[in-house]
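Enquirer: Next comes the sequence, and after it the predicted model I'd like to discuss.
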Amino acid sequence: MDTAAPPLAFSGTDLRKVYQTGETEVHALRGVDLAIPAGEIVVLLGPSGSGKSTLLNIIGGLDRTTSGTLFYRDLDLAAMDDKALTRFRRANVGFIFQFYNLIPSLTAIENVRLVTDIAEHPMDPAQALALVGLQDRQHHYPAQLSGGEQQRVAVARAVAKQPGVLLCDEPTGALDSATGIRVLETLARANRELGTTVVIITHNAGIAAMAHRVFHFLDGRIARIEVNAAPVDPAGISW
Ligand SMILES: Nc1ncnc2c1ncn2[C@@H]1O[C@H](COP(=O)(O)OP(=O)(O)OP(=O)(O)O)[C@@H](O)[C@H]1O
């Protein structure tokens, strides 16, 4: 029997983050040990203020820990200067946020091309839009698309540079259940077909059903980890 542990996309020990605002210190992460296996979908659940976005921003190289070790595969993120972190982000991370952040004056395919033009191993932009089911909407402007369609363009843009990881902060927070599920299906597809590791923050506990692993946050710590032997297709999520 092969007992080798799966390779980790992210690994960290005793991660701490203290925000200093004037006289006040906020302890956003209070000692997180992290193991995110490559190729999995991981959902982060927990009350508001429990540290989910702080962790996502840190593993995505948008922010830094105050202390602790943090690796993306064999890259030591904690040791990187700002330039190296930017390179890490560009090469490895696709971000999806609650609000789609598309450029209104560019069509769907032009929005995707913004990323593929500067990526090292990009996908064809039309192929990325086909992956999210928008092959017929390439030349539409964001204002001509529904919220769910705009978010799928954002997913296509994130996926098109073929990143190792997709980090998603409330990707369906502004969407109703039917359109939200279509967005989640695009994330599951990237995970299944491209092997992309996907991390999703959500307040919707139903979404946890599509994850291989669920991290329950409480007060700056991961209080509990659930391993899901049989993640469901997003279509089977009860919203
Ligand atoms: N830039 C910042 N400066 C100061 N405090 C911050 C900053 N960012 C986050 N915090 C604080 O850190 C704590 C953790 O915030 P974080 O956004 O990580 O929580 P969260 O679990 O993602 O919450 P939510 O579900 O509401 O998005 C909160 O107390 C928050 O107010």
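Expert: Here it is on my side, so go on.
Enquirer: residues in contact with the nearest residue to Pro142 once chain neighbours are set aside?
Expert: Counting by C-beta to C-beta, 6 or more residues apart in numbering, Leu102 is the residue found nearest to Pro142 once chain neighbours are left out, at 4.4 Å. To be clear about C-beta, it is placed using only N, CA and C from the backbone, and glycine gets the same treatment. Contact analysis of Leu102 by C-beta atoms under 8 Å, 6 or more residues apart in numbering lists Ala108, Asn111, Pro142, Gln150, Val153, Ala154, Arg157.
Enquirer: Format those residues as JSON lines; extra columns: distance to the ligand, secondary structure and neighbour count.
Expert: What follows is the contacts of Leu102, written out as JSON lines (distance: C-beta to the nearest ligand atom, whole Å; DSSP: H, G, I helix; E, B strand; the rest coil; neighbours: other C-beta atoms under 10 Å):
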{"residue": "Ala108", "distance to the ligand": "28", "secondary structure": "helix", "neighbour count": "29"}
{"residue": "Asn111", "distance to the ligand": "25", "secondary structure": "helix", "neighbour count": "25"}
{"residue": "Pro142", "distance to the ligand": "24", "secondary structure": "helix", "neighbour count": "20"}
{"residue": "Gln150", "distance to the ligand": "21", "secondary structure": "helix", "neighbour count": "25"}
{"residue": "Val153", "distance to the ligand": "23", "secondary structure": "helix", "neighbour count": "25"}
{"residue": "Ala154", "distance to the ligand": "18", "secondary structure": "helix", "neighbour count": "26"}
{"residue": "Arg157", "distance to the ligand": "22", "secondary structure": "helix", "neighbour count": "27"}
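Enquirer: who's in contact with the helix with the most length in the chain?
Expert: For the chain, the helix with the greatest residue count under DSSP state H is helix 177-194. Applying C-beta under 8 Å, 6+ apart, the contact partners of helix 177-194 are 39-41, 96, 131-133, 146-148, 151-152, 155-156, 159, 162, 166, 168, 171-172, 175, 196-198, 200, 204, 207, 210, 233-235, 237, 239.
Enquirer: For it, which residues meet the burial criterion?
Expert: When burial is assessed from 16 or more other C-beta atoms under 10 Å, helix 177-194 yields the following buried residues: 179-191.
Enquirer: before we move on, back to that, separate out the buried members of the contacts of helix 177-194.
Expert: Among the contacts of helix 177-194, those classed as buried by neighbour count (16+ other C-beta under 10 Å) are 39-41, 96, 131-132, 147-148, 151-152, 155-156, 159, 162, 166, 168, 171-172, 175, 196-198, 200, 204, 207, 210, 234, 237.
Enquirer: Just the residues you listed: which are in strands?
Expert: Residues of those located in strands (DSSP state E): Ile41, Ile96, Leu166, Cys168, Thr197, Val198, Ile200.
Enquirer: out of those, which one sits closest to Ile222?
Expert: Ile200 (15.1 Å; C-beta to C-beta).
Enquirer: which residues touch the closest one?
Expert: For Ile200, the contact set (C-beta under 8 Å, 6+ apart) comprises Ile41, Val42, Val43, Leu44, Cys168, Pro171, Leu187, Ile207, Ala211.
Enquirer: need these in JSON lines with pLDDT and distance to the ligand, can you?
Expert: JSON lines is the format used below for the contacts of Ile200 (pLDDT from 0 to 100; distance: C-beta to the nearest ligand atom, whole Å):
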{"residue": "Ile41", "pLDDT": "98", "distance to the ligand": "18"}
{"residue": "Val42", "pLDDT": "98", "distance to the ligand": "15"}
{"residue": "Val43", "pLDDT": "98", "distance to the ligand": "13"}
{"residue": "Leu44", "pLDDT": "98", "distance to the ligand": "8"}
{"residue": "Cys168", "pLDDT": "97", "distance to the ligand": "12"}
{"residue": "Pro171", "pLDDT": "93", "distance to the ligand": "13"}
{"residue": "Leu187", "pLDDT": "94", "distance to the ligand": "19"}
{"residue": "Ile207", "pLDDT": "96", "distance to the ligand": "14"}
{"residue": "Ala211", "pLDDT": "98", "distance to the ligand": "17"}
